[in-house]
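A.B. asks: Return atomic coordinates for the entry below.
(one chain, ligands or ions: 2)
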Amino acid sequence: MTSVHPGQEEALDRQLGAYCRSRPFRDASRPQPGNPYRRPIAFAGGFRLWPEGGDACPVGPRARLLGHRVLFNIYEQDLMFLPRRPWDGFQRDFSSFYDPALQRVGQKLRNPLEVRLFDLTDGSDLTAPEMWEHFDRVIAAHERDEGAFRSAILGSADPERAVRNFLVQCAGDFLTEASAMARNLPGTYGEVQSELFKVFIDEYGYGVHPTKHSTLYEALLRDVGMDPSAHAYWHLYLTTSLAVHNYIHLVSQNHRYFFRYLGALYYAEATYSHTCAIISGTIREAFGRDVDTRYFDEHVHIDRHHSRMVRDKLIHPILAGFGDLVVSELCAGFDEFRDVLETSGSDFLEHLRFVDAETLRCDRDAGVRAGSILRPTATGALDVCDSDVVYTLERGDGALVCGLDCERKMMPGEPIRVPGGRMHGFAQTTPDALVRVEPVS
Ligand SMILES: [Fe+2]
Ligand SMILES: [Fe+2]
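C.D. replies: Ligands and ions are numbered 1, 2, ... in the order given. Coordinates of the predicted model:
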């Protein structure tokens, strides 16, 4: 990918500001459940992604979060979203999200953001047999993983809440599942194209809506008392979760990375079956055996099949045709996607520890009542700070929010320390609430 030319930084940051201040993404637009077009980026106070010095300057945690939010929205302005029902002002929200002028700004920012947010590797110099050995070794190690996930969820202060917060992180992708894959379908590239199409139509339930994978995910969300509409929990996505979704969009949107996409797809399909078995079991342990885990159970089965399809019907024929020309790209996609997924998995568990530590003393209400829907807290998108800060409530009533149903009521004068890079927000319970935020020296 091309990097930013010196002197262009300021212009890019100006365009970034214009994009963030537009109607769908500006801070005044609170997340509204059922409205897929309002996605506040939390730009207030501004941020620069391209300071003088350009790509050489590291990207801090806050710029990384906001950058990923922007990139995610740029990709998703290509996708079709309709709510279940319109509301007053629907046409305005719909039109502003798909505004061609806004999309043009996004398209100017897309490639520079991809360069800034991802360190794409050059791949490896393995031969094809070495590549398969590497793939087999990684997949076998993954199958031996007993699941730090399971013990972290079940050992957390509130396993049901921990599961819900995990489902929030997946929702950004699973409710639009395989949309990035769809970017690879048009064009003409022989039998491999038709084989990829077979995987794709499995993801879409062969056109039978109740069996579409995203529909199964909606059913699970509903069953555990969550809102199944797209991006109802937009403001809670962690940076590393957005990075997973954005990586797949990146290698799908840029067709020069088609072989990299195939490597990433193979990693996903070859490991997801085992991952889903652990997740499904954990959810049932947290919520009881009757919870609707069909989404994950379906993947335990179908991704064994998809893994074979990708290996035998996609990658083998591609190697037969293009051989050494594409091995390094296949490896790069496989390794990079493993990397973003592992980073996101461990970051979520770290966030869970933070949530547990911060909410242990909070006086949450009795939790979720049967049939109730957990709504996003009345605050804008959560944010992160670049370094540790201390929050102190000066007046009024307010709460520190760090996830779904993760609110800690703040006591006047009591300092609460939030580590740099940890997502959180402040919710006013009374209109006069005022909080002081101080960096830790
Ligand atoms: Fe799927
Ligand atoms: Fe699959």
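
A.B. asks: how much space between the residue in the chain positioned nearest to ligand 1 and D88?
C.D. replies: In the chain, the residue that lies nearest ligand 1 is H213 (3.8 Å; C-beta to the ion). Where you see a C-beta, it was placed from the backbone N, CA and C, and this is true even at glycine. Distance, H213 to D88, using C-beta to C-beta, to the nearest Å: 33 Å.

A.B. asks: Equivalent analysis for H316, please.
C.D. replies: 55 Å.

A.B. asks: So for those two, which sits in the more crowded spot?
C.D. replies: H316 (14 against 6; other C-beta atoms under 10 Å).

A.B. asks: State the helix or strand in which the more buried one lies.
C.D. replies: helix 316-322 (DSSP states H and E).

A.B. asks: what comes up buried for that helix?
C.D. replies: For helix 316-322, burial by neighbour count (16 or more other C-beta atoms under 10 Å) applies to 318-319.

A.B. asks: Just checking, which helix or strand succeeds it along the chain?
C.D. replies: Downstream of helix 316-322, the next assigned helix or strand under DSSP H and E is helix 324-359.

A.B. asks: and that next one, how far out from the chain's middle?
C.D. replies: 11 Å (C-alpha atoms, centre = their mean, to the nearest Å).

A.B. asks: Just the buried positions in that helix, please.
C.D. replies: Under 16+ other C-beta under 10 Å, the buried positions of helix 324-359 are 326-338, 340-341, 344-345, 347-352, 354-356, 358-359.

A.B. asks: Can you tell me how far the residue nearest to P33 when sequence neighbours are not counted is from ligand 2?
C.D. replies: With C-beta to C-beta, 6 or more residues apart in numbering as the criterion, P33 has its nearest non-adjacent residue at 4.4 Å, and that residue is A232. Going from A232 to ligand 2 by C-beta to the ion, to the nearest Å gives 24 Å.

A.B. asks: What count of nearby residues applies to A232?
C.D. replies: 25.

A.B. asks: And it, what's its pLDDT?
C.D. replies: On the pLDDT scale, A232 is placed at 93.

A.B. asks: what kind of secondary structure is it in?
C.D. replies: coil (DSSP: H, G, I helix; E, B strand; the rest coil).

A.B. asks: and if you look at P40?
C.D. replies: Of the three states, P40 takes coil according to three-state DSSP.

A.B. asks: and what of V390?
C.D. replies: Quick answer, by three-state DSSP: V390 is strand.

A.B. asks: K108 belongs to a helix?
C.D. replies: Yes - K108: assigned to a helix according to three-state DSSP.

A.B. asks: So which residues on the stretch 151-300 of the chain come close to ligand 1?
C.D. replies: Counting by C-beta under 5 Å from the ion, the residues of the stretch 151-300 of the chain lying close to ligand 1 are 203, 213.

A.B. asks: low pLDDT regions in the stretch 151-300 of the chain?
C.D. replies: In the predicted model, the stretch 151-300 of the chain carries no residue with pLDDT under 70.

A.B. asks: can you give me the helices in it?
C.D. replies: Assigned by DSSP state H, counting those that start in this stretch, the helices in the stretch 151-300 of the chain fall at 159-174, 179-182, 191-203, 213-223, 239-253, 258-287, 294-309.

A.B. asks: Mean neighbour count and distance to G106 for those helices - can I get that in CSV?
C.D. replies: Converted to CSV, those look like this (neighbours: other C-beta atoms under 10 Å; distance: least, C-beta to C-beta, whole Å):
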stretch, mean neighbour count, distance to G106
helix 159-174, 23, 17
helix 179-182, 20, 16
helix 191-203, 15, 25
helix 213-223, 20, 24
helix 239-253, 24, 12
helix 258-287, 22, 21
helix 294-309, 19, 30
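
A.B. asks: Which of these sits closest to L404?
C.D. replies: helix 159-174 (5.4 Å; C-beta to C-beta).

A.B. asks: Please name every helix or strand in contact with the closest one.
C.D. replies: Helix 159-174 sits against helix 148-154, helix 213-223, helix 239-253, helix 258-287, helix 324-359, strand 398-403, with contacts defined as 3 or more C-beta pairs under 8 Å, 6 or more residues apart in numbering; DSSP states H and E.

A.B. asks: Save those as a markdown table, and put in distance to L175 too.
C.D. replies: Converted to a markdown table, those look like this (distance: least, C-beta to C-beta, whole Å):
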| stretch | distance to L175 |
| --- | --- |
| helix 148-154 | 21 |
| helix 213-223 | 5 |
| helix 239-253 | 11 |
| helix 258-287 | 16 |
| helix 324-359 | 17 |
| strand 398-403 | 18 |
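
A.B. asks: Would you mind giving the domain segments of this structure?
C.D. replies: Following automatic domain parsing, one finds the domains of the chain at 9-117, 128-359, 389-439.

A.B. asks: Does R69 touch H245 like I think?
C.D. replies: No - with contact defined as C-beta atoms under 8 Å, R69 does not count as touching H245 (11.0 Å).

A.B. asks: how about G46, what does it touch?
C.D. replies: G17 (C-beta atoms under 8 Å, 6 or more residues apart in numbering).

A.B. asks: Shouldn't it be within a strand?
C.D. replies: No - judged by three-state DSSP, G46 forms no part of a strand; its state is coil.
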